[in-house]
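K.L.:
quick one: sequence plus predicted model below, questions after.
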Amino acid sequence: ARALEEALKESLLVPLGDGYKFAPYASDLDAHYRFLHARVQQAAYALLPPGERPRLHYHIGRLLLENLPNEEREERFFDIISHWNRGRSAVAAAGEELRHARLNLEAARQAKESAAFGPTLDYARAGIEMLPADAFEHERRLFLDLHLEGAEAAYLSGDYQTMDRLAGAILHRPADALTKARMQEVRLQAAIGRDSQHEAIQIARTGLALLGITLPHHSRRSKLQAVLRTRLAMWRHTPDSILELPRLQNARIEMALRILSSATSAAYQVDHGLFMIMLLMQIRISARHGLSHQASYACVLYSIYETAVKGDPATGYDYGRASVKLQESFGPGYRSRVMCVFHFVSSFWKEHIRACLPGFDDAYRAGLDTGDYQYASYSAQIQTASCFFWGQDFRALEKTAAEYTGILEQVDHRAAIFPHLAYRQATHNLLHGDRNFSILDGAHFEAVRMERIEATGYQLCQLHLAKLVLAYLAGQNDQALLSLDVLRR
């Protein structure tokens, strides 16, 4: 307190409360101050020799960490970590590298819960930088967890190069199978985001093999076996009885379901037979081993089988509703994918498409909130297409599609952005186009470019649906029939 008297007299500091009056006479009395203005604080900081700043940051961070009450320490946790990270050299000199790394791991996990993936990556990097050279041998769990959090955050931030580097640090070492499988799941999601669907399926096979599960290749025999096994597993179950199953307790099975659920969308785009096999595997595993986050997705996928294969949309709808209830019981983690598939496949059999649109918006926003960019992107694309076919006011649709485009480009989910842009361009053509409005090329989209890339069946289907509508409205029946022929094939 005496050291601050001069600053108080010059009004550079402002006391908080009356404790400062007695602080010089009682060493155990708390006195609190703040700078008069942020610029005063900046000026005071500038006077510090650069070489002295890391030591001061570390000292402040340590004092806050060790002296604040628990509740206040939690509230100011990121401030504390900021001081430690700005004082890294002093942390190393004090021999507290491991403590620093653990604090950054905790900060990375808290930032991820808030969907702040850029800061999550920064904290993970800071923790990794503080690890000693022999960390994998002597602090293996800390090493693995920091690289896992960093790789996932890098993927979610669109930094695929960093993701590959951090993934390699685990996959090229003798880590446990569960950790390697989790890292393969991150790589799988990144491959889907980069529109490398075949690569994603191969990564899924590798990850499942680590867990002792074989993903069969698509054939008539493997598909028939999957159907028969699933009917045997599900014959006594109803949508209501699924909700009464016990909770899953096996970490390996849960990871296998996570990999399968992530890879399902890739199979849907490039191999419908494999998609059906993976769909049935998930509900069969859930029925046998119990419920988890992933079971809600398995249940909504099973609604596709009931609806499209067995031809029973009423039962499919009931399984879809059960999946929504399951998702709500486990929290928001899988909400985006459950709501997207439910409204895309099941709900419109009983509800008008107008009633489904809020569900796609719900799925889109839930995906952005939880980091499920894959299904946030699909939900945005499907909503654009649904509004186009439903006949929503095209001026409103054009505005919404433009907003979605910005987000899809930011998360760089290429599997969804091409079909989305096709419908955005079709909307623009009908709203502003001239007599050549049937040509699906313009400021937002070039059909020729999409046809030249290695487009998936799903992407080509969406492209030719848009071209079919434009050609029909323009009276170009021959061109419309060409697109129809592509759709049939």
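P.N.:
Yep, that arrived. Numbers count the residues shown, from 1 in each chain.

K.L.:
got the CA positions of stretch 100-117 in PDB?
P.N.:
Once non-C-alpha atoms are left out, stretch 100-117 reads as follows in PDB (Å, rounded to 0.1, in the frame of the first residue of the first chain):
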ATOM      1  CA  HIS A 100       1.400 -24.400 -17.100                       C
ATOM      2  CA  ALA A 101       0.600 -27.100 -19.700                       C
ATOM      3  CA  ARG A 102      -2.300 -28.500 -17.500                       C
ATOM      4  CA  LEU A 103      -3.700 -25.000 -17.000                       C
ATOM      5  CA  ASN A 104      -3.800 -24.500 -20.700                       C
ATOM      6  CA  LEU A 105      -5.500 -27.800 -21.200                       C
ATOM      7  CA  GLU A 106      -8.200 -26.800 -18.800                       C
ATOM      8  CA  ALA A 107      -8.500 -23.500 -20.600                       C
ATOM      9  CA  ALA A 108      -8.800 -25.200 -24.000                       C
ATOM     10  CA  ARG A 109     -11.600 -27.400 -22.800                       C
ATOM     11  CA  GLN A 110     -13.500 -24.500 -21.300                       C
ATOM     12  CA  ALA A 111     -13.100 -22.500 -24.500                       C
ATOM     13  CA  LYS A 112     -14.300 -25.400 -26.500                       C
ATOM     14  CA  GLU A 113     -17.500 -25.700 -24.400                       C
ATOM     15  CA  SER A 114     -18.200 -22.100 -25.500                       C
ATOM     16  CA  ALA A 115     -17.600 -22.900 -29.100                       C
ATOM     17  CA  ALA A 116     -14.600 -20.500 -29.100                       C
ATOM     18  CA  PHE A 117     -12.400 -22.800 -31.300                       C
END
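
K.L.:
quick one: that stretch to chain centroid distance?
P.N.:
16 Å (CA atoms, centre = their mean, to the nearest Å).

K.L.:
now that stretch: mean pLDDT?
P.N.:
Stretch 100-117 comes out with an average pLDDT of 90.

K.L.:
the bottom helix or strand of the chain by mean pLDDT?
P.N.:
When each helix and strand of the chain is scored by mean pLDDT, DSSP states H and E, helix 447-452 comes last, with a mean of 55.

K.L.:
and the next helix or strand past it?
P.N.:
helix 457-473 (DSSP states H and E).

K.L.:
tell me which residues in that following helix are buried?
P.N.:
458-460, 462-472 (16 or more other CB atoms under 10 Å). Every residue, glycine included, has its C-beta placed from N, CA and C.

K.L.:
again, but for stretch 64-75
P.N.:
Leu64, Leu65.

K.L.:
other residues contacting that stretch?
P.N.:
Contacts to stretch 64-75, defined as CB atoms under 8 Å, 6 or more residues apart in numbering, come from residues Arg76, Asp79, Ile80, His83, Trp84, Leu103.

K.L.:
need the distance between the two termini of that stretch.
P.N.:
Start and end residues of stretch 64-75 are separated by 11 Å (CA to CA, to the nearest Å).
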